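Engineer: kindly return the folded structure for what I paste below:
(one chain, ligands or ions: 1)
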Amino acid sequence: MTKIQLALDRLTKAQCHELVEQTREWIDMVEIGSGVIKQYGMEFVKEMKESYPGLSVLADMKTCDAGKAEAEQVFEAGADWTTVMSFASNTTIKDVIDVSRHFTKSVYLDMMNCHDSNRIQELYGLGVRYFNIHIPIDQQKESRWSDELFAPYQDLKDIHLVLSGGISKEDISSLSHYQPAIIIVGSAITKSEHPAVAAQEIREEVKRHAK
Ligand SMILES: O=C(CO)[C@H](O)[C@H](O)COP(=O)(O)O
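Structural biologist: Predicted coordinates for the structure are as follows:
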């Protein structure tokens with residue numbers, strides 16, 4: 001079944017802990033957002049994994065260069081997943097994949113602003129199997145989910161889609177059609193007055209639409 005990843009962005013350490021405590025029953029993965037990592041560093045990634053060993057922890061590194069060093073840093077801190085940008089060089093992407101295999105950890109490609117079939121095919125050829133179709137925060141007002149975003153992935157065998165970008169409970173029914181491996185939800189839970197209820201409702205929607 002589709003996994004639910006709670007994205008922790010623009011939050012203090014205490015708020016991150018509180019949100020995970022409230023929602024852990026309804027989520028599978030915790031994302032330490034790029035801004036939170038910039039503020040608190042790898043020590044906080046380590047702290048989160050130690051605090052919640054039963055949850056997969058993703059460090060949203062959005063790596064665009066120095067792939068080997070950045071991937072080693074996150075996996076040594078205990079993260080289960082890292083992320084790399086689709087526009088990074090092939091060497092950077094391959095290095096992150098190689099390091100993730102060495103640590104038996106995982107990586108997905110953040111496809112923000114990349115819709116080019118040739119580049120997507122090339123990434124597949126490099127060994128990428130997890131593709132994060134991502135509507136960036138700053139584009140969420142003008143850009144929404146559409147079939148066009150998914151078209152370039154249609155013919156790729158054995159890939160896993162990770163979806164993010166302003167996803168709310170109302171989006172789950174239409175997005176489930178694409179059978180995503182992971183749905184990432186940030187603001188719809190973290191900005192809710194009742195994060196636990198919001199997370200539970202999203203879990204129930206995911207279950208209801210499971211194929
Ligand atoms: O990676 C991110 C921003 O770059 C966010 O974690 C992702 O967009 C999910 O958060 P939200 O649901 O609030 O959009």
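
Engineer: check contacts around the residue nearest to Q140 when sequence neighbours are not counted.
Structural biologist: Distance criterion CB to CB, 6 or more residues apart in numbering; nearest residue to Q140, sequence neighbours excluded, is G166 at 4.2 Å. Any C-beta I mention is one placed from the backbone N, CA and C, and that applies to glycine too. By CB atoms under 8 Å, 6 or more residues apart in numbering, the contact list for G166 reads I135, I137, Q140, S187, A188.

Engineer: and the protein, which residues reach the ligand?
Structural biologist: 7, 9, 31, 33, 60, 136-137, 164-167, 184-188 (CB under 6 Å from any ligand atom).

Engineer: make it 5 Å
Structural biologist: Counting by CB under 5 Å from any ligand atom, the chain comes close to the ligand at A7, S164, G165, G166, I184, G186, S187.

Engineer: what residues does the host helix or strand of T82 touch?
Structural biologist: Using DSSP states H and E, T82 falls within strand 81-85. Around strand 81-85, the neighbours that count as contacts under CB under 8 Å, 6+ apart are 29, 56-64, 67, 70-71, 74-75, 92-93, 96, 100, 105-110, 112, 132.

Engineer: buried set for it?
Structural biologist: W81, T82, T83, V84, M85 (16 or more other CB atoms under 10 Å).

Engineer: next helix or strand past it?
Structural biologist: Strand 81-85 is succeeded, C-terminally, by helix 90-102 (DSSP H and E).

Engineer: contacts for that following helix, please.
Structural biologist: 63-68, 70-72, 75, 82, 84, 86, 106-107, 109, 122-123, 126-128.
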